[in-house]
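Asker: When you get a sec, could you give me coordinates for this:
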Amino acid sequence: MRAVLRRPDFRLFFIGSVMTIIGESMLLLVLAIWVKTLTDSNTLAGLTLFAIVAPSLAAPVLGWVVDRFRRKPFLVATLAATVGVLVPLLFVRDRGQVGLIYAVALAYGFSALLTSAATTGLVKELLPEELLADANGAFQTVRQGLRLVGPIGGAGLFAVLGGAAVAAIDIGLLLAGAVTIAAVKLREERPAKGELHWLGEVTAGLRYLFGPASLRRATIGMIIAVLVLGFAETVVFAYVDAGLHRSPTFVSVLVCVQGIGGLLGGLLAARLVRASGELATTAVGIGLMGFSLVFFFYPLLALGLIGSVLLGLGIPIGLVGANTLMQRVTPLPVISRVSAAADMVIGTPQALSIAGGAALVAVLDYRLIFAIMAVGMLASAVYMWSGRGLTAVVKQESTAVEPSPV
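Answerer: Next up is the predicted model:
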């Protein structure tokens, strides 16, 4: 990680991105807690997160849009526009305005897809291939480490000052991040005009996602995992309520503890990629997440805390493996489309899973839902582990070669 942060161009980009990540880590959970507080409904709280991931259906079009522009100015403009998206949250006061929270969550989801696609391309432009895993590890270390303070800090601010205060802080962080990223010195060539019909250009990322054998296996494995992982967005409220007999804001404590494992996972992920390859690393991360769910079967706080740490450990390991693989094998001209296509292919089943979880929690015991999730996650891990030979081990001093698709 030190090697990548010693590069001035990436370091400045990283600092600006961290500001936006901090705001996001506080706000996203607060939106669900806000709806739960206003409506006293686990289902409606879970649907807040569904609204955020629902725009993934439009991801291929959004990725195509990003690839048509220079990525740095596009990212800065998107962050500035997101500030305007969040302003309506400053005026939410009662249950009758819950629809406004859903509308902002939906718009925030579109913004997140655009910024993610642009960021993926910028990382590939700023760094050589052998440092991609370190960059992704650095981002995941921050994202998961912020779970130690971000959610509980956001929940604390929500409890004391209300949701509008959290939204105001996020607005300030987004503006600061946009200004910092704008200062990054990067010479970008104007993207070449597409040679295909617009529909072919839009779907190019989706086709490539299922092209190379390694990327295809990682994509299918991630789909299997998120088909059940989305249940967690709603079942965690049932676990905290019916199992631990705590208030909805206690969810932020579990997420905070999850950050302990996430911090360690982010630090270890790049080493695992270099030691065993991206697919094996992704399989290990998903496997840890599946195993962690066993600790939620019995409603004992100590077990829940252990499960949260293990879940946090697996998340960055799985994400760094998958993201590094995608960046390494994808050509730069289509990287934003492939990244956005991945958001759609993975985000769509995740959205369906969140909606399904909101329905299941009303008819099934939360322990049975956790069991279903564990089985699905472990099946995904086994599938990806069986294809680990498709990815070369990436040494920092050498260039890995992608095996031929089979």
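
Asker: from memory residue 219 sits against residue 349, does it?
Answerer: No: if you go by CB atoms under 8 Å, residue 219 and residue 349 don't touch, sitting 11.2 Å apart. Bear in mind the C-beta positions are built from the backbone N, C-alpha and C, glycine included.

Asker: got a pLDDT number for the residue nearest to residue 24 when sequence neighbours are not counted?
Answerer: Leaving aside its sequence neighbours, residue 24 sits nearest to residue 170 (CB to CB, 6 or more residues apart in numbering; 7.4 Å). On pLDDT, residue 170 comes in at 89.

Asker: List the contacts of residue 66.
Answerer: 74, 114, 117, 118, 121, 336, 337, 340 (CB atoms under 8 Å, 6 or more residues apart in numbering).

Asker: Okay, buried residues for the strand or helix carrying the residue nearest to residue 24 please.
Answerer: Using DSSP states H and E, residue 170 falls within helix 163-182. Judged by neighbour count using 16 or more other CB atoms under 10 Å, the buried positions of helix 163-182 are 163-164, 166-171, 173-178, 180-182.

Asker: So what touches that helix?
Answerer: With contact meaning CB under 8 Å, 6+ apart, helix 163-182 is reached by 12-13, 15-20, 22-24, 26-27, 30-31, 34, 72-73, 75-76, 79-80, 82-83, 86-87, 89-92, 101, 154, 157-158.

Asker: any weak-confidence spans in the stretch 301-406 of the chain?
Answerer: 392-406 (pLDDT under 70).

Asker: could you pull out the helices for it?
Answerer: 301-329, 335-360, 366-385 (DSSP state H, counting those that start in this stretch).

Asker: Make TSV from these and add distance to residue 3 to it.
Answerer: Compiled in TSV, those are given as follows (distance: least, CB to CB, whole Å):
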stretch	distance to residue 3
helix 301-329	15
helix 335-360	22
helix 366-385	27
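
Asker: and residue 145, which of those helices is closest to it?
Answerer: helix 301-329 (9.3 Å; CB to CB).

Asker: how far does the worst-scoring helix or strand of the chain on mean pLDDT sit from the chain's center?
Answerer: Every helix and strand of the chain was ranked by mean pLDDT, DSSP states H and E. The lowest is helix 150-161, at a mean of 73. On the basis of CA atoms, centre = their mean, to the nearest Å, the separation between the geometric centre of helix 150-161 and that of its chain is 21 Å.

Asker: which helices and strands does that helix pack with?
Answerer: helix 8-39, helix 163-182, helix 251-276 (3 or more CB pairs under 8 Å, 6 or more residues apart in numbering; DSSP states H and E).

Asker: circling back to that earlier point, could you pick out the buried ones from the contacts of helix 163-182?
Answerer: 12-13, 15-20, 22-24, 26-27, 30-31, 34, 72, 75-76, 79, 82-83, 86, 89, 92, 101, 154, 157-158.

Asker: ok, residue 219 and residue 349, which is more surrounded?
Answerer: Remark: of residue 219 and residue 349, residue 349 carries more neighbours, 22 against 19, as counted by other CB atoms under 10 Å.

Asker: do you know how far the more buried one is from residue 375?
Answerer: 16 Å (CB to CB, to the nearest Å).

Asker: Apart from its neighbours in sequence, what residue is nearest residue 203?
Answerer: According to CB to CB, 6+ apart, the nearest residue to residue 203 is residue 60 (6.1 Å).

Asker: Let's see the helix or strand hosting the one you found as PDB, backbone CA atoms only.
Answerer: Residue 60 is part of helix 59-67, with elements assigned from DSSP H and E. Extracted as PDB, the C-alpha positions of helix 59-67 are listed here (Å, rounded to 0.1, in the frame of the first residue of the first chain):
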ATOM      1  CA  ALA A  59     -25.700   0.800 -15.600                       C
ATOM      2  CA  PRO A  60     -24.700  -0.200 -19.200                       C
ATOM      3  CA  VAL A  61     -26.100   3.100 -20.500                       C
ATOM      4  CA  LEU A  62     -24.400   5.100 -17.700                       C
ATOM      5  CA  GLY A  63     -21.000   3.300 -18.300                       C
ATOM      6  CA  TRP A  64     -21.300   4.200 -22.000                       C
ATOM      7  CA  VAL A  65     -21.900   7.800 -21.000                       C
ATOM      8  CA  VAL A  66     -18.700   7.900 -18.800                       C
ATOM      9  CA  ASP A  67     -16.600   6.300 -21.600                       C
END
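
Asker: The following helix or strand past that helix packs against which elements?
Answerer: Remark: after helix 59-67, the chain's next helix or strand is helix 71-86, criterion DSSP H and E. With contacts taken as 3+ CB pairs under 8 Å, 6+ apart, helix 71-86 sits against helix 98-126, helix 163-182.

Asker: didn't residue 312 look like it was pressed against residue 256?
Answerer: No: counting by CB under 8 Å, residue 312 sits too far from residue 256 to count as a contact (9.6 Å).

Asker: Between the two, which is the more surrounded one?
Answerer: Legend: neighbour count by other CB under 10 Å for residue 312 and residue 256, higher for residue 312 (29 against 20).

Asker: Contact partners for the nearest residue to that one once chain neighbours are set aside?
Answerer: Spatial nearest neighbour of residue 312, excluding adjacent residues (CB to CB, 6+ apart): residue 261 at 3.1 Å. Residues near residue 261 by CB under 8 Å, 6+ apart: 144, 308, 309, 310, 311, 312, 313, 314.

Asker: what about the last one, how many residues close to it?
Answerer: Right, the one you point to is residue 314. 23.

Asker: distance of the residue lying closest to residue 371 once chain neighbours are set aside from residue 53?
Answerer: Counting by CB to CB, 6+ apart, residue 297 is the residue found nearest to residue 371 once chain neighbours are left out, at 6.8 Å. The gap separating residue 297 from residue 53 is 26 Å, by CB to CB.
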